[in-house]
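*Asks:* show me the folded form of this:
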Amino acid sequence: MKISDFEMPEGLYYSESYAWVKREGDLVRIGVIDFAVKLAGKIEYVDLPLYGEHFEKDEIFGTVESGKWVGEMIMPVSGEIADTNTPLLKNPSLVYDDPYGEGWLIVVNPDNMDDVSLLMSNPEEIKAWLKKEIKAAEKVKK
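*Replies:* Numbers count the residues shown, from 1 in each chain. Reported below is the predicted structural model:
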């Protein structure tokens with residue numbers, strides 16, 4: 001679905017820390033939402049965790065940086081890193097160019113898959129949340 005100028009694909013889960021989460025069997029793929037990367041601008045650097053590292057929900061697992069912004073990536077669910085998108089290390093702009101495709105960040109083996117269900121997935125809830133975030137960002141720009 002499109003909200004203002006931002007893509008928020010249905011069928012994904014979203015955290016209030018600007019991450020999207022996609023279930024893939026026993027694993028989840030995680031990336032940055034379109035809204036956050038468009039605010040940041042062209043992504044120039046990505047710092048990703050190592051395979052096998054464990055993170056708790058709400059713990060910082062990496063950073064995404066543009067020329068005007070450094071964003072800490074917050075883990076939306078507790079779990080162990082099962083894969084990282086290493087091509088981003090050489091081509092971090094993929095996060096900006098294709099945030100829901102080639103620009104994904106990590107794959108996680110969650111401690112409890114039920115935690116994913118606690119994230120936002122209802123389209124009306126997502127729309128209301130993103131509209132509030134857009135309004136807050138516009139106030140900061142002024």
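*Asks:* now do the longest helix along the chain: everything it contacts.
*Replies:* Longest helix of the chain, by residue count under DSSP state H: helix 123-141. With CB atoms under 8 Å, 6 or more residues apart in numbering as the test, helix 123-141 has contacts from 1, 3, 4, 6, 8, 10, 14, 16, 35, 39, 120. Quick note: C-beta positions are derived from backbone N, CA and C, even for glycine.
*Asks:* so what's the residue count around the third one?
*Replies:* For residue 4, the tally of surrounding residues (other CB atoms under 10 Å) stands at 10.
*Asks:* need the pLDDT of it.
*Replies:* You'll see residue 4 listed with a pLDDT of 79.
*Asks:* and it, how far from residue 39?
*Replies:* Noted for residue 4: a distance of 12 Å to residue 39, by CB to CB, to the nearest Å.
*Asks:* just checking, what packs against the one helix or strand in the chain whose mean pLDDT sits lowest?
*Replies:* Least confident helix or strand, the chain: strand 2-3 with a mean of 77, by mean pLDDT, DSSP states H and E. Contact here means 3 or more CB pairs under 8 Å, 6 or more residues apart in numbering; DSSP states H and E; on that basis strand 2-3 packs against helix 123-141.
*Asks:* buried sites along the helix it packs on?
*Replies:* Across helix 123-141, burial judged by 16 or more other CB atoms under 10 Å covers 126, 129, 130, 133, 134.
*Asks:* partners of the least confident helix or strand of the chain, with directions?
*Replies:* As defined by DSSP bridges, the strand partners of strand 2-3 come to strand 6-7 (antiparallel).
*Asks:* contacts for the partner strand, please.
*Replies:* For strand 6-7, the external contacting residues (CB under 8 Å, 6+ apart) are 1, 33, 34, 35, 38, 99, 100, 130, 134.
*Asks:* next SSE after that strand?
*Replies:* Using DSSP states H and E, the helix or strand that directly follows strand 6-7 along the chain is strand 13-14.
*Asks:* which is the succeeding secondary structure element to that next one?
*Replies:* Per DSSP H and E, the first helix or strand lying C-terminal to strand 13-14 is strand 19-24.
*Asks:* quick one: strands adjacent to that next one?
*Replies:* Strands that pair with strand 19-24, judged by DSSP bridges, come out as strand 13-14 (antiparallel), strand 27-32 (antiparallel).
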